[in-house]
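Colleague: Have a look at this prediction, sequence included:
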Amino acid sequence: MSIEATVLDDDRRLLRETVRSLVSARVEPNSKAIDEDGTIPTDIYRSLTETGLNAPTVPTAHGGGGASVVDAAILIEEMAKGSGAVATIIAQNIAGVAAVVASPNVKLKADLLPRVAKGEAILVWSADSFEDKSGILASIDDDGIVLNGKFHWVPCFDLSAKLILVAEVKVQAGTHLVAIDIANPHRGTIDVGPLESDLGLVGSALKSLTLQNVFIRTDEIIATSMGDSLAAKALRSTAQIALAALANGIAATALRHAQVYAVERHQFGVPISDFESTRIMLGTMALNLEAARQLTFAAAAQLDSDRPGWGDKVSISANAGAKWFSSKVAVEVAIDAIQVFGGYGFVKDYPVERLMRDAKMVQLMTGSNQILEIANALLSS
């Protein structure tokens, strides 16, 4: 049974149509310029904040819409059909929001979440949030911790919003999840590097941060733990679902372009869609995409039902599996779309080469160890 039959009720259909209208009018027409210029126009970000689509999962008690992970997955998939870079803003926010919501730090929630809901702040995380953290030196201070080191590939710069980096750091007592005000640290300095020249999702505006004696107050610590905290698991699990949905949106657009081109392009007096080899390719692309969407929405629904537990081994496997499979399918679908276009697939006159770069970028985000997560959950059960 299709996702449309199992997931979409009237409210979610309305959400999808709202997003589709915004994507059609504002996002997709600018997708090529976003990729070429490396920035997202301010009016597009304003459109997200005005409609509450920038951070839909902020609880209603803190001024947000209180959307579920399934709702967010619908939103991100549709937004990614227009621009993966724009969808990245939402993916970053919902993972950060999940971490803060799971935090025992009541003061931080009350201070941070309303600003995120209004679009005044964006909760961002970097590749370092999911990889080895040995590059960041963290030491306990009287009223907090002091950080030194470098975070790589932090997104969402140049959007006229305060960026709050949600990051895991290792201290003597275990792992701390902290909220770092990039522009205004209380003590020490944060040097923001130049705009990175990236493979894909170019408009997401990645930069690296170098921290020197940056002081993090106790009320800016999202969670502390001897091992993985619930907040850290919330960050990782929600990020994986968000990126799976983002990958599915990219794949859906690649498939759509391939379908249209196969009908319009003629060889030997007939459209190439008449060739059996083309039909097999398109059919395989569609089938794999539907499987990826089924896995993503099933994992998102499970995450909704399990909250605020976040630590269930089955959930960990589902979330990691959704991200791994969806991003793998997105890369394969985008490559096959280029194959349908032939030589035209490699030139920037057509969008499929950008979609291939975007899909590969999603595959690399949140680390490349999803299979190990699944194996570890399986073997420890």
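Modeller: Cool, the structure landed.

Colleague: Gln363: how many residues sit nearby?
Modeller: As a burial measure, Gln363 scores 21 neighbours (other C-beta atoms under 10 Å). (C-beta placed from N, C-alpha, C; glycine too.)

Colleague: With the one 10 residues further on instead?
Modeller: Burial measure for Glu373: 20 neighbouring residues, criterion other C-beta under 10 Å.

Colleague: for the helix or strand that it is a member of, packing partners?
Modeller: Using DSSP states H and E, Glu373 sits within helix 370-380. For helix 370-380, the packing partners by 3 or more C-beta pairs under 8 Å, 6 or more residues apart in numbering; DSSP states H and E come out as helix 313-341.

Colleague: how about 10 Å then?
Modeller: If you count contacts as 3 or more C-beta pairs under 10 Å, 6 or more residues apart in numbering; DSSP states H and E, helix 370-380 packs onto helix 230-264, helix 313-341.

Colleague: just the angle between the longest one and helix 370-380, please?
Modeller: Orientation check (axes from the mean of the first three to the mean of the last three C-alpha atoms, to 10 degrees): helix 230-264 against helix 370-380 gives 130 degrees.

Colleague: For helix 230-264, buried residues please.
Modeller: Residues 230-255, 257-259, 261-262 are the ones in helix 230-264 that count as buried (16 or more other C-beta atoms under 10 Å).

Colleague: How about the last one?
Modeller: If you call a residue buried by 16+ other C-beta under 10 Å, then helix 313-341 has these buried ones: 315-338, 340-341.

Colleague: And Ala318, how far from Ala330?
Modeller: 18 Å (C-beta to C-beta, to the nearest Å).

Colleague: what's the answer for Ala231, then?
Modeller: Distance from Ala231 to Ala330, by C-beta to C-beta: 28 Å.

Colleague: ok, which stretches of the protein are strands?
Modeller: 121-124, 136-141, 144-154, 162-171, 174-181, 189-192, 207-217, 221-225, 266-267, 270-271 (DSSP state E).

Colleague: residue ranges with poor pLDDT in this structure?
Modeller: 1, 128-135, 173, 226-228, 306-316, 367-370, 378, 381 (pLDDT under 70).

Colleague: Outline the domain layout of it.
Modeller: 3-121, 123-225, 230-380 (automatic domain parsing).

Colleague: Pull up the distance across stretch 342-352, start to finish.
Modeller: 11 Å (C-alpha to C-alpha, to the nearest Å).

Colleague: repeat for stretch 266-273
Modeller: So stretch 266-273: terminal residues 9 Å apart, C-alpha to C-alpha.

Colleague: Which of the residues in that stretch are classified as buried?
Modeller: So stretch 266-273, judged by 16+ other C-beta under 10 Å, has buried residues 272-273.

Colleague: switch to numbering from 164
Modeller: Sure thing, new numbering starts at 164, so read that last one as stretch 429-436.

Colleague: ok, now which ones touch the residue nearest the centre of the chain?
Modeller: Nearest to the mean C-alpha position of the chain, by C-alpha atoms, centre = their mean, lies Ala254 at 3.3 Å. By C-beta atoms under 10 Å, 6 or more residues apart in numbering, the contact set of Ala254 is 235-236, 238-239, 242-243, 247, 288, 318, 367, 401-402, 404-409, 525, 528-529.

Colleague: Swap in 6 Å and give it another go.
Modeller: If you count contacts by C-beta atoms under 6 Å, 6 or more residues apart in numbering, Ala254 has them with 239, 405, 409.

Colleague: and the gap between the closest residue to Asn193 other than its chain neighbours and Asp321?
Modeller: Once flanking residues are discounted, Asn193 sits nearest to Pro204: 6.2 Å by C-beta to C-beta, 6 or more residues apart in numbering. Computed as C-beta to C-beta, the Pro204 to Asp321 distance reads 10 Å.

Colleague: which of those two has more neighbours?
Modeller: Pro204 (17 against 14).

Colleague: what about Asp354, neighbour count?
Modeller: 10.

Colleague: And for Ile252?
Modeller: 29.

Colleague: For Gly312, give the beta-bridge partners.
Modeller: Ile299, Leu374 (DSSP bridges).

Colleague: can I assume it is in contact with Ile299?
Modeller: Yes. Under the criterion of C-beta atoms under 6 Å, Gly312 makes contact with Ile299 at 3.7 Å.

Colleague: can you tell me which residues contact Val341?
Modeller: Val341 touches 330, 379, 384, counting by C-beta under 6 Å, 6+ apart.
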